[in-house]
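Trainee: my questions are about this predicted structure, shown below with the sequence.
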Amino acid sequence: MEQNETGCQTPQAPILCVNNCGFFGTTVTMNMCSKCYKDVVMKQGEAELAASSFQSIMNGSSSTAEKDYSDVAVVVKAKAKTVSSELLVASTQTSAPPVSEKGEEIREGPKRCGTCRKRVGLTGFNCRCGSIFCSVHRYSDKHECPFDYRTAGQEAIAKSNPVVKAEKLDKI
């Protein structure tokens, strides 16, 4: 770099990343782009952390004063990033459509009301009996629901309010 009369340095021509990723690097980042430099720093941090944990295991010491928590934070961030990318890949993969015993794909038709067979789409109401109903037949008395609400209510009350029996008192 050359210095002109004012003492300022003139910038050099752009340098491509040494990892040939196509981006430009700087001398501050060892002629690597920011992404490659960050990866190298993370790998170094992981190696140092592994070496220090190996040393502590071999020495049998567990002093926390010697550990560098900044390296731990870097490793935790890296692992969180990999987990989130794995979740993203898993969520983008589509599941296979249901297949019958004969190997044929089962085609699910449009959602329809269990009583009037009207198309309900996304506005259908799921009942406790397991069927989907339109806005007219969504109530249990409108579609002759076989679900026993009374027994379900009694079981819910019995479960939430257990029987409490006091110990017998000795007579004085």
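Mentor: In hand now; what should we look at?
Trainee: quick one, helices of this structure?
Mentor: Counting by DSSP state H, one finds helices in the chain at the ranges 34-59, 69-92, 149-160.
Trainee: just for this structure, where's the confidence low?
Mentor: For the chain, the stretches with pLDDT under 70 are 1-11, 60-109.
Trainee: switch to 80 and redo it
Mentor: 1-13, 53-110, 163-166, 168-172 (pLDDT under 80).
Trainee: ok, the nearest residue to L16 once chain neighbours are set aside - contacts?
Mentor: Spatial nearest neighbour of L16, excluding adjacent residues (CB to CB, 6 or more residues apart in numbering): F24 at 6.2 Å. Where you see a C-beta, it was placed from the backbone N, CA and C, and this is true even at glycine. Listed by CB atoms under 8 Å, 6 or more residues apart in numbering, the contact partners of F24 are 14-17, 33.
Trainee: closest one to G130 out of the residues you listed, please.
Mentor: Nearest to G130, judged by CB to CB, of the contacts of F24 is C33 at 56.6 Å.
Trainee: the closest one against V18, yeah?
Mentor: No: between C33 and V18 there is no contact under CB atoms under 8 Å: 9.1 Å.
Trainee: which of these two has more residues huddled nearby?
Mentor: C33 (20 against 14; other CB atoms under 10 Å).
Trainee: for that one, give me phi and psi.
Mentor: Per-residue torsions, C33: phi -70, psi 170 (degrees, to the nearest 10).
Trainee: would you mind measuring from it to T26?
Mentor: Counting by CB to CB, to the nearest Å, the separation of C33 from T26 is 9 Å.
Trainee: likewise G114?
Mentor: Distance of G114 to T26, given as CB to CB: 67 Å.
Trainee: contacts only, for the nearest residue to F23 once chain neighbours are set aside.
Mentor: Sequence neighbours aside, C33 is the residue nearest to F23 in space, at 3.6 Å (criterion: CB to CB, 6+ apart). By CB under 8 Å, 6+ apart, the residues touching C33 are 17, 19, 21, 23-25.
Trainee: now, the most widely separated pair of those residues?
Mentor: N19 and F24 (11.8 Å).
Trainee: what about the spatially closest residue to R128 that is not a sequence neighbour, how many residues nearby?
Mentor: In space, and not counting its chain neighbours, R128 is closest to F147: 4.5 Å by CB to CB, 6+ apart. Using other CB under 10 Å, F147 has 12 neighbouring residues.
Trainee: alright, that wraps it up for me.
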